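Student: Sequence plus predicted model, see below.
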Amino acid sequence: MKPSIPSGTRDFGPAEMYRRNRFFDVVREVFSRYGYQPLETPAFEYLATLTGKYGDEGDKLIFKILNSGDFLADAGAEALANRDHKKLLPQICDKALRYDLTVPFARYVVMQQHQLTFPFKRWQIQPVWRADRPQKGRYREFVQCDVDVIGSKSLLYELELLQILSEVFQQLDVGIVIKLNHRKLLAGIAELVGSADKLIDLTVAIDKLDKIGLEKVEAELKEKGFDDAALLRVREVLRLTGDNDQKLAALGRVLAGTASGPTGVAEMAEVLALAQRSGSRLCPIEFDLSLARGLSYYTGAIFEVKVQDPRSTFTSSISGGGRYDDLTGIFGLPDMSGVGVSFGADRICDVLAEIAGAGAETKTATRVLVVNFGAAELDYALRIVRTVRQAGVAADLYPEAAKLKKQFGYADALGIPYVAIAGGDEIAAGQVTVKNLKTGEQQKVALADVAATVR
RNA sequence: GUGGCUGUAGCUCAGUUGGUCAGAGCACCAGGUUGUGGUCCUGGGGGUCGCGGGUUCAAAUCCCGUCAGCCACCCCA
């Protein structure tokens, strides 16, 4: 058979792995420096743990795991006969691959609530799976890097997440903008137009504003049953202009009479104020009413990161998150507010690759390749590799006494910067000829100095 | 789940109205050069033209089906 892998999954060769590891090193370091603790949870959970948390669309995208053995044993005759897949599903499948890291985290917090000290801060870097149709920047298996803090309503954590987002992307040297919005503002708008119960429809439509334009958003809202008076007010709100504070102030006046609006305005203002007086060098923050985010569990601030870098053409979001007030409630632990963001490792690495361009790909960490001349020189060659490796420098010995052309070509192909040559003359003198493959320069150095020369 | 585009060598692709259309570049291997690579020269290996069926004297080329990939919508990291 012709070997292949399912679409939306990928192998990562050495060049990609160097890039990915650099990224993971950065996020891990930042996460732990901000006081977050590591956590891992299983790749699969009970299906019931996952369903109902991500909205109807999300539930469809959960990868289900067929029960082992005779999975039809427990299948109801009725569901089978009627080909009723919705009814049949829970009868033949009780496990599923995790869809994100936030819900398993909430499950963990509830299970371990008596062992944990709150506020509990954790980071988690693991793959998640979605039964989506892949396309550019969209995979069916991808790695999320989550930081969440649970058990505190303090808006200082919103600030902290803005700081973490900023630090990570600054260290990676990727230009971004952090979009910020608040679910209670959206709820206030829904209230204002008299459709508090259609919050989801409203936010989904508003979310498309910068993509399809105001007119099409209004058309979609009309289709969903919003009347002309409502559309007028939506338009009024979406047309607010000015800087973050001006937009927020204007919105405050519009939403003054609503139940949830003022809270949203106040919290939003607080977060923006904290960001200003934090003293941190933050990435640009843009208060954006059209940011909705589909995940149904968000209740407060919502974040999203977009690339804003002349070297990149990436348009989809590379990080996202928000505050959720009751994610643990469904597992039996109410009043546990949490907030977190997730870095989309795969998309970010795509951006890094795009920025780095085709050249300068690292293929190996090896600094020096020791030439193999054959049996007579082998002992000395082995001594060179051993000495260099013991000095903490990556070294390799060519396995056969092949032609130098071939050995040099190997070093060249892998991007190993130095070649070490030691024949009779060098051995007699206790020296090694070290050649820099990039410049072509070569020099004889003492065996003990090889590591320092190629480091 | 809906729609569009594309499948020819390891990779990127060319292949005219069906008739030397099985090709190029890169990559790979060998030699030129048994202690000096990345340049250059010479030679070489490698393809059921995604798969199945049909039309035709003749199909990579036209038709039908199918599978796969990509892109967009939906949704999302």
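Tutor: Perfect, I can see it now.

Student: contacts, neighbours, all on C-alpha from now
Tutor: Fine.

Student: From the contact counts, what lies against the helix or strand encompassing residue A:409?
Tutor: According to DSSP states H and E, residue A:409 maps onto helix A:404-414. Judged by 3 or more C-alpha pairs under 8 Å, 6 or more residues apart in numbering; DSSP states H and E, the packing partners of helix A:404-414 are strand A:418-421.

Student: when you scan the strand it packs on, is anything in it near RNA strand B?
Tutor: Yes: on the criterion C-alpha under 7 Å from any atom of the strand, strand A:418-421 is in touch with RNA strand B at residue A:421.

Student: for that strand, the distance to its chain's centre please.
Tutor: From the chain centre to the centre of strand A:418-421 is a distance of 40 Å (C-alpha atoms, centre = their mean, to the nearest Å).

Student: Downstream of it, the next helix or strand is which one?
Tutor: Once strand A:418-421 ends, the next helix or strand along the chain (criterion: DSSP H and E) is helix A:424-429.

Student: ok, back up a step: list the contacts of the helix holding residue A:409.
Tutor: With contacts defined as C-alpha atoms under 8 Å, 6 or more residues apart in numbering, helix A:404-414 is touched by A:363-364, A:369, A:371, A:398, A:417-419, A:437.

Student: List the contacts of residue A:299.
Tutor: Contacts of residue A:299 (C-alpha under 8 Å, 6+ apart): A:182-184, A:322-325.

Student: Okay, and which of those residues map to strands?
Tutor: Filtering the contacts of residue A:299 for membership in strands, criterion DSSP state E, returns A:182, A:322-324.

Student: Tabulate these (CSV), appending neighbour count.
Tutor: CSV is the format used below for those (neighbours: other C-alpha atoms under 10 Å):
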residue, neighbour count
A:182, 26
A:322, 26
A:323, 27
A:324, 22
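
Student: Closest one to residue A:130 out of those, please.
Tutor: Nearest to residue A:130 among those, counting by C-alpha to C-alpha, is residue A:322 at 20.2 Å.

Student: Now do the contacts for that closest one.
Tutor: Neighbours of residue A:322 in contact, by C-alpha under 8 Å, 6+ apart: A:298-303, A:339-341.

Student: And residue A:247, by the same measure?
Tutor: Residue A:247 neighbours (C-alpha under 8 Å, 6+ apart): A:240-241.

Student: Which element, helix or strand, includes it?
Tutor: Assigned by DSSP H and E, residue A:247 falls in helix A:244-254.

Student: try residue A:146
Tutor: Under the assignment here (DSSP H and E), residue A:146 is part of strand A:141-150.

Student: ok, so of the contacts of residue A:299, who is nearest RNA strand B?
Tutor: Distance to RNA strand B, by C-alpha to the nearest atom of the strand, is smallest for residue A:322 among those, at 9.3 Å.

Student: ok, back up a step: got the buried residues for the helix holding residue A:409?
Tutor: A:407-408, A:411-412 (16 or more other C-alpha atoms under 10 Å).

Student: Output the residues you listed in CSV; the columns should cover pLDDT and distance to RNA strand B.
Tutor: CSV is the format used below for the buried residues of helix A:404-414 (pLDDT from 0 to 100; distance: C-alpha to the nearest atom of the strand, whole Å):
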residue, pLDDT, distance to RNA strand B
A:407, 92, 7
A:408, 92, 4
A:411, 91, 7
A:412, 88, 5
